[in-house]
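K.L.:
Take a look and give me a structure for this.
(one chain, ligands or ions: 2)
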Amino acid sequence: MLTKTTKECWEEFIAFIKKECSRAEYANWIAPIKIVESDNDNTSLKVPNVFVREYLLDNYKETLAQFFPTDAKGMPKIAFVIEEKRAKSVKSAIPPPPSQKEKSSLEREMQLNENYTFDHFIEGPSNQFIKSAAMGVATRPGKSYNPLFIHGGVGLGKTHLLHAIGHHIKKHHKKLRMQCITTEGFINDLVNNLRSKSIDKMKRFYRGLDVLLVDDIQFLQDRLNFEEEFCNTFEALINQNKQIVITSDKPPGQLKLSQRMIARMEWGLVAHIGTPDLETRVAILQHKADQKGLKLTSKVAFFIAEHIYNNVRQLEGALNRLGAYCRLMHMEATEEVVENTLGEMFQVIPTGKVSIDRILQSVASMYNIRESDLRGQSREKEIAFARQIAMYLAKELLGDSLTKIGLAFGGKAHSTLIYAWKKITTQMKKDENLRRRIQMARQNIET
Ligand code: ADP
Ligand code: MG
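P.N.:
Ligands and ions are numbered 1, 2, ... in the order given. Purely as a prediction, here's the structure:
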């Protein structure tokens, strides 16, 4: 490596990358990059704008490290010169306009899922609060909670609520300019508008909105430059009392975003959407079955809801599969039919033997996290809590010594296990939902 000039390194990198990416990708993102210095210690690359740099680092940081000298952390030692401000008129440095397929959302019709309305959203203790907050926002946009930040695990109805707000506003506040977009969509918009030099048009569009609904803000993490643009849009809107609603898989404080962005998102109302309890799951199943014209007795609905408990999307998937089977076979949805068709979807396959693995598996699936997280050290609130539940169950269900249980959790001390056990025991006395959930996990583990 030492004998090579950085220019040679760059040429080799380019030769390699050409084989790795598509022709369009190469033309749009790689070709505009130029090497500007070629002494052996300093590599300097000229990029047309920050997005190209972002793109290069996002996608090829490791590859660059294989071709260029690296720093102590193994990162490629490359400096970037951004051409944007100095040479806006340099045509060749700006990637070509987007293809038809990548058309900006400004020209796209806003897509709201027609089933995701308030009428089709079933309430229960886990989502009552957030549903009424969402209705408040939909009824009086910009005047109740702003921003409204909805967070919770996958498949729990975040997108459903976001679109429900959208539908309501579309129907009752016809004059308001509204955009409902995923974070990916926003980023794509930004990139496309940058490429086609219509960034000002895009800024005007977003900043002229009355309502902005943004799904899955977690995708803004580690996208520094996009984050800044989003934050500017956000502030411009909030300062004019325009309504913003954001969904996320984590609360603001746990997102890897700038303090500025986090603080802005915490300005209004931050509300959590939890896993629905058994009765709510049954009600959701029955509502969806009605919609699909599938007959479901309450016994069968309970049977399914008892086995599939950690997200509504799975419940819906189960129902679709059951519906298709019953239609094809001209059969009623009996418990036996359910077991035959859905058996493999049920969350814990009964083997009759309680083990630490079974406990971890069950708790991990209940909270939608990885078993390795339960064994690991993460202090993230949801993971730490799930881990305490797993410790509680291990102490309750396994005859093993505390040392042995501690080892299964990556070598935790006795005191940690006892603390977790006491905490969960106390909390279960106060929290009906938690008690039921643990009971259900326990049944699953013991069956
Ligand atoms: P998320 O965005 O949180 O991952 P979605 O909003 O996509 O979840 O919801 C997944 C599926 O579950 C959707 O089909 C949605 O209609 C349904 N769903 C979730 N919660 C409810 C609820 N409370 N009532 C009715 N359907 C729900
Ligand atoms: Mg979603």
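K.L.:
can you give me the strands for the stretch 251-400 of the chain?
P.N.:
Listed in chain order, the strands of the stretch 251-400 of the chain (DSSP state E, counting those that start in this stretch) span 269-272.
K.L.:
tell me which parts of the protein are close to ligand 1?
P.N.:
116, 120-122, 127, 154-160, 284, 312-313, 316 (C-beta under 6 Å from any ligand atom). For the C-beta atoms, the positions are set from N, CA and C on the backbone; glycine is no exception.
K.L.:
Just name the closest of these to K404, please.
P.N.:
Within the residues of the chain next to ligand 1, the smallest distance to K404 is 33.2 Å, found for V154 (C-beta to C-beta).
K.L.:
And for that closest one, the neighbour number?
P.N.:
Neighbour count for V154, taken as other C-beta atoms under 10 Å: 13.
K.L.:
domain parsing for the protein?
P.N.:
The record's domain parsing of the chain by automatic domain parsing lists 6-93, 128-272, 278-345, 356-446.
K.L.:
Of all these, which one is nearest L112?
P.N.:
Smallest distance to L112 across the domains of the chain (C-beta to C-beta): 4.6 Å, for domain 128-272.
K.L.:
C-terminal to the helix or strand harbouring D189, what's the next element?
P.N.:
Using DSSP states H and E, D189 sits in helix 183-195. As assigned by DSSP H and E, the chain's next helix or strand after helix 183-195 is helix 199-207.
K.L.:
now the helix holding D189, how far from the centre of its chain.
P.N.:
18 Å (C-alpha atoms, centre = their mean, to the nearest Å).
K.L.:
Then stretch 421-431?
P.N.:
30 Å.
K.L.:
Neighbours of the closest residue to ligand 2 within the stretch 251-400 of the chain, how many?
P.N.:
As assessed by C-beta to the ion, ligand 2 sits closest to R313 within the stretch 251-400 of the chain, at 8.9 Å. A count of nearby residues for R313, using other C-beta under 10 Å, gives 15.
K.L.:
Got the confidence number for the residue lying closest to it once chain neighbours are set aside?
P.N.:
Using C-beta to C-beta, 6 or more residues apart in numbering and skipping the chain neighbours, the partner closest in space to R313 is G155 (3.2 Å). According to the prediction, G155 has pLDDT 93.
K.L.:
what's G155 sitting at in phi/psi?
P.N.:
Note on G155: its backbone torsions stand at phi 70, psi 30 [degrees, to the nearest 10].
K.L.:
Tell me if I'm right that it and Y309 touch.
P.N.:
No: counting by C-beta atoms under 8 Å, G155 stays clear of Y309, with 11.5 Å between them.
K.L.:
The nearest residue to D71 once chain neighbours are set aside and ligand 1: what is the separation?
P.N.:
Once flanking residues are discounted, D71 sits nearest to K77: 5.3 Å by C-beta to C-beta, 6+ apart. Going from K77 to ligand 1 by C-beta to the nearest ligand atom, to the nearest Å gives 41 Å.
K.L.:
residues touching whichever residue of the stretch 251-400 of the chain sits closest to ligand 1, list them.
P.N.:
In the stretch 251-400 of the chain, the residue that lies nearest ligand 1 is V312 (3.5 Å; C-beta to the nearest ligand atom). Applying C-beta atoms under 8 Å, 6 or more residues apart in numbering, we find V312 in contact with G155, L156, G157, P276, R281, I284.
K.L.:
what's near enough to touch the last one?
P.N.:
Spelled out, it's I284. Residues in contact with I284, defined by C-beta under 8 Å, 6+ apart, are I122, P276, V312, L315.
K.L.:
My understanding was that the last one contacts A301; is that so?
P.N.:
Yep, that's L315 we're talking about. No: using C-beta under 8 Å, L315 makes no contact with A301, being 9.8 Å away.
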